[in-house]
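# Fold the following, please.
(one chain, ligands or ions: 1)
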Amino acid sequence: MAQRETWTSRIGFIFAAVGSAVGLGNIWSFPFQTAANGGAAFLVVYLAAVFLIGFPTMMVEFVIGRRGEQNPVASFGKIGYNNWSFTGGLGLFSSLITLSFYSVVGGWVLSYIVGSATGAYFADAGAYFGSVASGPTAIGGHLVFMLLTIGIVASGVTDGIERATKVMIPGVLVLLVALAGWATTLDGATEGYSYYLSPDFGVIASNFGSIVPPAMGQAFFTLSLGFSVMIAYSSYLGRDDSLPADGGAIVVVNTLIALLAGFVVFPILFATGGAEGAGGGPGTAFVALAGAFGSLPAGGIIGFVFFAILLFAALSSSISLLEVPVSYVSENHGYKRSTTAVAMGGLIALIGVPATFGTSWLGFYNDLVFKLLLPISVLLLAVFVGWVADREAIDELGRGSSVGDSFTSAWLWWVRLVVPVAVIVTLYLGVKALSSGLASGAYF
Ligand code: TRP
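Numbering: from 1, shown residues only. Predicted coordinates:
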């Protein structure tokens, strides 16, 4: 069997993991979920979810991956619990479903890059969205985006993924800082910042039940948790790397990029009308922003840069969504990486086609992942690490790091009790929403 490719350095791992984490979730979902759920009130709950639940859960995936040193399915067996392998499989399955609709949105982004250059959306952003988000243009964009993803993954871990993310992630960061600087000059800046940053704790208290599930779902999604990706990536890590330090760096950079996206989006929204109308469903973000770019001076250029950032972020994530199932299949069955990437990418492209029929299909795919698959995966992982492989987990977390025993045992109890309870509540509310959506015909 061929030698497993590994990261060329610890920084290579961090870049790849950040590349996976930083995506449409940060720059597209995060600001608009925030807008839809009361601004700063959502922000507070989201940040709590990221640091209190997301970070410990990332450690859960890291200990499994590094301990197992195998693909995310085989890792469970290597640690000694073969009957838990299905958990890794569930994560891989979630990756496939997610990539299938992620790529459709990636296709919209491509259309908006073109539209920024030609000015096609300036006059009527809503109509433009209607024309690119479903039908032939949507299918075309989806296929082009999948081809880009397949191309990078087929080139391999070092030449493809590592090289691409080392360019794209700094690019995203620099361009976002530039746009946030420009946004300070907008008329709506002050108002936008205050909506974004001054939490009204009364709002949080009275909307807790409706804020928590999207905040938790967003926290897991943005950190790429529950998809076996972090298990796979950490399986390439050396024994002397500190898992909490690496994970901390990844969480902080990922959060920083999401926050920066808010510093771009909120001034723009408030310069052209406010946060209302920006919150409802997957399309409104594109409509609200594109409308703003259409009416601001030099909006075409700004729009072009913004959508280019979005494309980089989306690609750096989509390659990791494809990489993990591809490496699993090619390692296990001895197929060539490039052949596997093409075959699997083609299959995923096909699964995504219904999501080009209209935003309600896309919404269904999205909710299926956010409200059902993701929480189930995370719950299983937490139970596995907290209650089944707890000794191995504690030992692995301590390796290569200077955190003491009290940190590792606090983490273990947190993973045993707090994480499952938080996830069960989220799962309950999510399944309720999903089934009432299905019953009321909201999707189909
Ligand atoms: N974190 C990505 C984003 O914010 C999306 C994502 C979720 C992802 N799970 C993933 C990316 C797994 C790669 C692998 O957009």
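# Could I get the buried residue list for the helix or strand containing A285?
Using DSSP states H and E, A285 falls within helix 284-295. Using 16 or more other Cβ atoms under 10 Å as the burial criterion, the residues of helix 284-295 that qualify are 284-294. Every residue, glycine included, has its C-beta placed from N, CA and C.
# Give me the neighbour count for the residue lying closest to V425 once chain neighbours are set aside.
Leaving out its chain neighbours, the residue that sits closest to V425 by Cβ to Cβ, 6 or more residues apart in numbering is V212, at 7.0 Å. A total of 21 residues lie near V212 under the criterion other Cβ atoms under 10 Å.
# Distance from the helix or strand V212 falls within to the middle of the chain?
Element membership for V212 (DSSP H and E) is helix 208-222. Mean-position distance between helix 208-222 and its chain equals 13 Å (Cα atoms, centre = their mean, to the nearest Å).
# Quick check: what element follows that helix along the chain?
Going down the chain from helix 208-222, the next helix or strand is helix 229-234, by DSSP H and E.
# Pull the residues that contact that following helix.
For helix 229-234, contacts defined as Cβ atoms under 8 Å, 6 or more residues apart in numbering pick out 13, 16-17, 20, 58, 61-62, 64-66, 68, 71-72, 75, 88, 91, 95, 223-224, 243, 320-321, 323-324, 327-328.
# so after that helix, what's the next helix or strand?
Sequence order places helix 243-271 as the next helix or strand after helix 229-234, per DSSP H and E.
# do that next one and the ligand meet?
No. Helix 243-271 does not reach the ligand (Cβ under 6 Å from any ligand atom); its nearest approach is 7.7 Å.
# residues of that helix that come out buried?
Buried residues in helix 243-271, counting neighbours by 16+ other Cβ under 10 Å, are found at 243-244, 246-247, 249-251, 253-255, 257-271.
# likewise stretch 312-321?
312-321.
# Could you measure from the residue lying closest to M58 once chain neighbours are set aside over to the ligand?
Spatially, and ignoring its direct neighbours in sequence, M58 is nearest to G247 (4.7 Å; Cβ to Cβ, 6+ apart). Using Cβ to the nearest ligand atom, to the nearest Å, we find G247 at a distance of 14 Å from the ligand.
# check contacts around G247.
Neighbour list for G247: 55, 58-59, 62 [criterion: Cβ under 8 Å, 6+ apart].
# if I look at it, how far off is S29?
22 Å (Cβ to Cβ, to the nearest Å).
# now swap in F55 and tell me
Counting by Cβ to Cβ, the gap from F55 to S29 is 19 Å.
# F227 too?
15 Å.
# neighbour count winner among the two?
Using other Cβ under 10 Å, the more surrounded residue of F227 and S29 is F227, with 33 against 24.
# and the more buried one, what does it touch?
Applying Cβ under 8 Å, 6+ apart, the residues near F227 are 91-92, 94-95, 98, 321, 324, 374, 377.
# For it, give me phi and psi.
phi -110, psi 10 (degrees, to the nearest 10).
# swap in Y236?
phi -90, psi 0.
# Likewise for V403?
V403 has phi and psi values of phi -70, psi 150 when expressed as degrees, to the nearest 10.
# Please shift the residue numbers so they start at 658 in all later answers.
Sounds good: first residue 658 from here, last item V1060.
# Go ahead and confirm it touches I1051.
No. The pair formed by V1060 and I1051 falls short of the contact definition of Cβ atoms under 8 Å, at 11.1 Å.
# what ranges do the strands span in the stretch 658-807 of the chain?
Under the criterion DSSP state E, counting those that start in this stretch, the stretch 658-807 of the chain carries no strands.
# what residues does it put near the ligand?
Residues of the stretch 658-807 of the chain that fall close to the ligand, judged by Cβ under 6 Å from any ligand atom: 677-678, 680-683, 752, 755.
# farthest-separated two in these?
The distance between the two most remote of these (Cβ to Cβ) is 18.0 Å, for N683 and S752.
# Cool, thanks, signing off.
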